[in-house]
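Engineer: A structural model of the following input is requested.
(4 chains)
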2 protein chains.
Amino acid sequence: MSEQGQQSVSSRNLAGCLGINPSQIRKDFSYFGDFGGTPGVGYNIQKLVKQINKILKLNIVRRAALVGVGNLGSAIMAYPGFGIYGFDIAAAFDINPKKIGRKIENVTIEDVSNLRTLKKRKINLAIITVPRDAAQQTADALVKAGVRGILNFSPHHITVPKKVKVITIDIAMDLARLPYYMPAD
Amino acid sequence: MSEQGQQSVSSRNLAGCLGINPSQIRKDFSYFGDFGGTPGVGYNIQKLVKQINKILKLNIVRRAALVGVGNLGSAIMAYPGFGIYGFDIAAAFDINPKKIGRKIENVTIEDVSNLRTLKKRKINLAIITVPRDAAQQTADALVKAGVRGILNFSPHHITVPKKVKVITIDIAMDLARLPYYMPAD
DNA sequence: CTATGTGAATTTATTCACAGCA
DNA sequence: TGCTGTGAATAAATTCACATAG
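Structural biologist: Reported below is the predicted structural model:
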């Protein structure tokens, strides 16, 4: 909406986009403080975007590392969607000697042994796209390197200290949720 | 656990894996009927897997189509994780004439105009990995072709008739959830 | 009029607590 | 003893309803 130059939006409007109740929107906003909505009009979109970015701490550029430059990893490196949230995939790592030194999306692939340099480089976010069996040890190395947030794409539960936040995306499991809503055939 | 030949598992055990309360497990199971747990022992893992697959309707092979054979699409085609839930990515479509006819993971890439053949081919699941701007029209074509479930990877809200179930995965937005849990630096 | 912001009411989810079974 | 299965109790999320503001 912001990109389309829209000025304001009501809770009913937003709720419609999400398929939820308008008071849910207003209540959620109220938990975080004053969103400065105008009765009879709605919320100023510019202000809304700023406020939400601030709440989610997306108002600074974050440098992220990606580990595992396979098919999925390459796809993510090339994904254009990260920019709008202020992410910059600034480093890539792999264990395969053939890949090391090659460039992908202007980032040179490094050996995983270099992971420990992340702290110095002020990179504290990571994306794991390694095979299932390597997931936990990759996470361990990342935590040791000072990483505080991990987006995990391997279909494996990862154990980390509780100061570190992990979000796991299991693509196959997401697909597996669909049949439940579908008739048998 | 099943693959590791484990015989049984308790609700406490399962809850530990998920970081939730054991009674949550038991309560959830009870909503779906008798899971035949043995007091003092736990649940038989074989039985559990079967029961859950049945509830989620994962007990038959499902044929899925993928639309948009770019970086992400190719990665998903090559992803080994779908098999265990009984998915078979049986068709791939793209709009780029250069890609059409080429093979990827033993599947020949077809022109998107062929989407309407899906019904005949008994494919009623689809994965959308097209650019943002093409997402809605792709969804429309899929619905017209009889698809009943869509896994949408484009960062765009998709509108479909309510008989069709859509699950959207916005990778950038998932990553965007991490900073909230992290100190500013 | 239209839409916000929020207490109160309602609904839903989670946890407790314990009888009963292997 | 150790765990299931489930009503009862509690906690959390959602929705209602309305006073109030542009």
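Engineer: count of residues packed around residue A:118?
Structural biologist: 23 (other CB atoms under 10 Å in any protein chain shown). In this view, the C-beta of every residue, glycine as well, is placed from N, C-alpha and C.
Engineer: residue A:127 too?
Structural biologist: Neighbours around residue A:127, by other CB under 10 Å: 28.
Engineer: how about the strands in chain A?
Structural biologist: Taking DSSP state E as the test, the strands found in chain A are A:8-9, A:43-44, A:62-67, A:87-94, A:103-104, A:107-111, A:125-128, A:149-152, A:165-168.
Engineer: any weak-confidence spans in chain A?
Structural biologist: Chain A contains residues with pLDDT under 70 at A:184-185.
Engineer: enumerate the residues of it near DNA strand C.
Structural biologist: Applying CB under 7 Å from any atom of the strand, we find that chain A lies next to DNA strand C at A:10-12, A:22-23, A:26-27, A:29-30, A:34-43.
Engineer: any of the residues you listed buried? List them.
Structural biologist: A:10, A:11, A:26, A:29, A:35, A:37, A:42, A:43 (16 or more other CB atoms under 10 Å in any protein chain shown).
Engineer: who is the most centrally placed residue in chain A paired with across the strands?
Structural biologist: The centre of chain A sits closest to residue A:151, judged by CA atoms, centre = their mean, with a distance of 6.5 Å. Beta-bridge partners for residue A:151, by DSSP bridges, are residue A:127, residue A:167.
Engineer: next up, the contacts around it.
Structural biologist: Shown in contact with residue A:151 (CB atoms under 8 Å, 6 or more residues apart in numbering or on different chains): A:125, A:126, A:127, A:128, A:166, A:167, A:169, B:174, B:175, B:178.
Engineer: select only the buried ones of those residues in ChimeraX?
Structural biologist: The buried subset of the contacts of residue A:151, as determined by 16+ other CB under 10 Å, is captured in ChimeraX by this line:
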select /A:125,126,127,128,166,169 /B:175,178
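Engineer: now the two most distant members of the contacts of residue A:151.
Structural biologist: Spanning the widest gap among the contacts of residue A:151 are A:125 and A:169, at 14.6 Å by CB to CB.
Engineer: for the nearest residue in space to residue A:125 that is not next to it in sequence, grab the count of nearby residues.
Structural biologist: In this structure, residue A:125 finds its nearest non-sequential neighbour in residue A:64, 4.0 Å apart by CB to CB, 6 or more residues apart in numbering or on different chains. Residue A:64 is flanked by 22 other residues according to other CB under 10 Å.
Engineer: got the contact list for residue A:64?
Structural biologist: Counting by CB under 8 Å, 6+ apart, residue A:64 touches A:82, A:87, A:88, A:89, A:90, A:91, A:123, A:125, A:126, A:127, B:175.
Engineer: before we move on, the earlier item: would TSV of the strands of chain A with distance to DNA strand D be doable?
Structural biologist: Shown next, in TSV, are these (distance: least, CB to the nearest atom of the strand, whole Å):
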stretch	distance to DNA strand D
strand A:8-9	11
strand A:43-44	12
strand A:62-67	26
strand A:87-94	27
strand A:103-104	40
strand A:107-111	38
strand A:125-128	25
strand A:149-152	21
strand A:165-168	17
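Engineer: out of these, deepest packed?
Structural biologist: Each of these was scored by mean neighbour count; the highest is strand A:125-128, a mean of 27, by mean count of other CB atoms under 10 Å in any protein chain shown.
Engineer: follow-up on the earlier one: from the buried ones among the residues of chain A next to DNA strand C, which is closest to chain B?
Structural biologist: Distance to chain B, by CB to the nearest CB, is smallest for residue A:29 among these, at 15.9 Å.
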